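Novice: below are the sequence and a predicted model for it; my questions follow.
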Amino acid sequence: KGVRTMFTTTSWFNWALMSAVFAALTAIFAKVGIQGVDSDLATLVRTDIVLIVLSTFVVFAGKWSNPFVLPAKTWVFLALSALATGASWVCYFRALQMGEASKVAPVDKLSLVLVAVFAFAFLGERPTPREWLGIAMVAGGVLVLAFK
């Protein structure tokens, strides 16, 4: 039952796995796309395309509602998330322009470790010792992949 539920279409795991696939493709496509282009300009172009595609999706999927009725707390944290996303994209594209995708992407995935630490510190999440071991293994893997 556990494995079957993990692979249902509504499973968080499936969505997270698809996110990983698209993130991997992002690195490959971006590495090719930023050749001979300023990384900040490339980030802007990418962001504009995301805005257009996502806006179209939201409208045609019937998910549009008035964002101005959202609570102030939602606006503040979505704005902070947007700023963090933008900063991450700018740094990621700059790193991709300067380094190898196979080294940049693993270092970027240190975010997995940082999410666990931040979730522990700020959200009260409490990973089990087995989960902390996995998090430590990710950190170790990043170091092995990124540095000679």
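Specialist: Perfect, thanks for sending it.
Novice: for the residue minimising distance to the centre of the chain, which residues are in contact?
Specialist: Central residue of the chain (C-alpha atoms, centre = their mean): Ala23, 6.9 Å from the mean position. Counting by C-beta atoms under 8 Å, 6 or more residues apart in numbering, Ala23 touches Ala105. Where C-beta positions appear, they are placed from N, C-alpha and C, glycine not excepted.
Novice: cutoff 7 Å now
Specialist: Neighbour list for Ala23: empty [criterion: C-beta atoms under 7 Å, 6 or more residues apart in numbering].
Novice: could you say which helix or strand holds it?
Specialist: Using DSSP states H and E, Ala23 maps to helix 12-33.
Novice: how far does that helix sit from the chain's center?
Specialist: Its chain's average C-alpha position is 9 Å from that of helix 12-33, according to C-alpha atoms, centre = their mean, to the nearest Å.
Novice: now swap in stretch 123-134 and tell me
Specialist: Counting by C-alpha atoms, centre = their mean, stretch 123-134 comes out at 20 Å from the chain centroid.
Novice: also stretch 109-127?
Specialist: What separates the centre of stretch 109-127 from the centre of its chain is 14 Å, taken as C-alpha atoms, centre = their mean.
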